[in-house]
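**Student:** just a sequence and a predicted model for now, questions to come.
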Amino acid sequence: MSEIPHIGFIVAAYLVTAVAILVMIGAIVIDYRRLSRALSLLDAARKGGDGQ
Amino acid sequence: MVNLANPTAFLAVTRRALPWLALATAALFAVGLWMAFLAPPDYQQGETVKIMYIHVPAAWLSSFIYVVMTAAALGTLVWRHPLADAAQKAAAPLGAGFTFICLVTGSLWGKPMWGAFWVWDARLTSVLVLFILYLGLVALWRSIEDPGRAARAAAILTLVGCVNLPIIKFSVDWWNTLHQPASVFRLGGPTIAPELLWPLLIMALAFTLLFVVLHLMAIRNEILRRRLARLTMLAAAEGDALAHRFAPGGSGA
């Protein structure tokens, strides 16, 4: 495998792509969880307020 | 027919469609990568041609996402579609991400083939301008507090910036560049051998489907962000002491 010319460039290109894609997925998933949690907390707080 | 302009209907459709789309994306990536690594080496570039299977789809997507944003900008300014600005805002960071992949993998391909990581030729420079445009749009959305004003300003900048798309596409024909001319989408048909072309097309489809999945997820986030902002304002108007905790960008969320 290491005898393939320029193998370092090929591996680096695929690694950078994988990391960039994972960062995009991660950012969107974390944002979704944060928003969902905030919405459910706010909803619960409002319902609690209505009940008092 | 589901009215996707309705945010609630959009959320319901994406909730059902996203798992299947994500599964199809993963399957396409598995098949595309398998075909790419089994594909024969290029007669001139050797195994370095394997970078093509990620660089070219990322390059296509970087322009395609800007086309999507241009359509969304028209939707915002002309048709005032309720989800157009959310679609535009959600696409900009993804466009920046895929253009980043295109630039870095191109650079890593260029060094062994051209002897340089970077040259200021027309294709590379116009793609760098596209990357800066994406970053500028993300910054614009973040710097204007009023969402309506931010959407209109971003839409105008997007429409101005779309002049860069034909420059990117035809730069290799209009100027003498180190970057090779088009070899897939050209009038005389592709010049690539089918053994290399098929993995490339599968990878391009996988990248495109990945963008569709991420874009739908990001639009869903925008809808939730707006819902949160509206509910927070409502709670604030009702004197809810908890409202500040959940304000978008606040410390509680």
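**Tutor:** It's in.

**Student:** which SS class is the residue nearest to B:Leu28 when sequence neighbours are not counted?
**Tutor:** Using CB to CB, 6 or more residues apart in numbering or on different chains and skipping residues adjacent in sequence, the residue nearest B:Leu28 is B:Ala206, 3.7 Å away. C-beta: built from backbone N, CA, C; applies to glycine. What DSSP: H, G, I helix; E, B strand; the rest coil gives for B:Ala206 is helix.

**Student:** how about the residues of the stretch 101-250 of chain B by chain A?
**Tutor:** Residues of the stretch 101-250 of chain B lying near chain A by CB under 8 Å from any CB of the partner chain: B:101, B:104-105, B:108-109, B:111-112, B:210, B:214, B:217-218, B:220-221, B:224-225, B:227-228, B:231-232, B:235, B:238, B:240, B:242-243, B:245-246.

**Student:** so where do the helices sit in the chain?
**Tutor:** No chain was given, so I picked chain A. Counting by DSSP state H, chain A has helices at residues A:7-51.

**Student:** wrong one, I was asking about chain B
**Tutor:** So, for chain B - with DSSP H - the helices run B:7-38, B:52-74, B:84-114, B:122-143, B:147-161, B:164-174, B:194-237, B:243-246.

**Student:** turn the ones you listed into a markdown table, columns for mean neighbour count, mean pLDDT and distance to A:Val23.
**Tutor:** Formatted as a markdown table, the helices of chain B follow (neighbours: other CB atoms under 10 Å in any protein chain shown; pLDDT from 0 to 100; distance: least, CB to CB, whole Å):
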| stretch | mean neighbour count | mean pLDDT | distance to A:Val23 |
| --- | --- | --- | --- |
| helix B:7-38 | 15 | 93 | 17 |
| helix B:52-74 | 22 | 96 | 14 |
| helix B:84-114 | 23 | 95 | 7 |
| helix B:122-143 | 18 | 95 | 14 |
| helix B:147-161 | 17 | 93 | 22 |
| helix B:164-174 | 16 | 89 | 24 |
| helix B:194-237 | 19 | 92 | 11 |
| helix B:243-246 | 19 | 60 | 26 |
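
**Student:** residues touching the closest residue to B:Lys169 other than its chain neighbours, list them.
**Tutor:** In this structure, B:Lys169 finds its nearest non-sequential neighbour in B:Ser63, 7.1 Å apart by CB to CB, 6+ apart. B:Ser63 sits next to B:Leu130, B:Leu165, B:Ile168, B:Lys169 when contact means CB atoms under 8 Å, 6 or more residues apart in numbering or on different chains.

**Student:** so for the chain, the centremost residue is which one?
**Tutor:** Picking chain A for this. Residue closest to the mean C-alpha point of chain A, counted by CA atoms, centre = their mean, is A:Gly26 at 1.1 Å.

**Student:** actually, chain B is the one I wanted.
**Tutor:** In chain B, the residue lying closest to the centroid (CA atoms, centre = their mean) is B:Gly95, at 3.1 Å.

**Student:** contact partners for the residue nearest to that residue when sequence neighbours are not counted?
**Tutor:** The shortest distance from B:Gly95 to any non-neighbouring residue, by CB to CB, 6+ apart, is to B:Ile65 (3.9 Å). Going by CB under 8 Å, 6+ apart, B:Ile65 touches B:Ala91, B:Leu94, B:Gly95, B:Phe98, B:Phe211.

**Student:** nearest to B:Ala39 among those residues?
**Tutor:** Set against B:Ala39, the nearest of the contacts of B:Ile65 by CB to CB is B:Phe98 (22.2 Å).

**Student:** contacts only, for that closest one.
**Tutor:** Contacts for B:Phe98 (CB under 8 Å, 6+ apart) come out as B:Ala58, B:Leu61, B:Ser62, B:Ile65, B:Phe207, B:Phe211.

**Student:** want to try a markdown table for those residues, with distance to A:Gly8 as columns?
**Tutor:** Formatted as a markdown table, these follow (distance: CB to CB, whole Å):
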| residue | distance to A:Gly8 |
| --- | --- |
| B:Ala58 | 20 |
| B:Leu61 | 25 |
| B:Ser62 | 25 |
| B:Ile65 | 30 |
| B:Phe207 | 23 |
| B:Phe211 | 28 |
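
**Student:** report the separation between the residue of chain A found nearest chain B and B:Thr76.
**Tutor:** Nearest residue of chain A to chain B, counting by CB to the nearest CB: A:Ala38, 3.6 Å away. Using CB to CB, to the nearest Å, we find A:Ala38 at a distance of 26 Å from B:Thr76.

**Student:** which of those two has more neighbours?
**Tutor:** Counted by other CB atoms under 10 Å in any protein chain shown, A:Ala38 and B:Thr76 do not tie: B:Thr76 has more neighbours, with 26 against 22.
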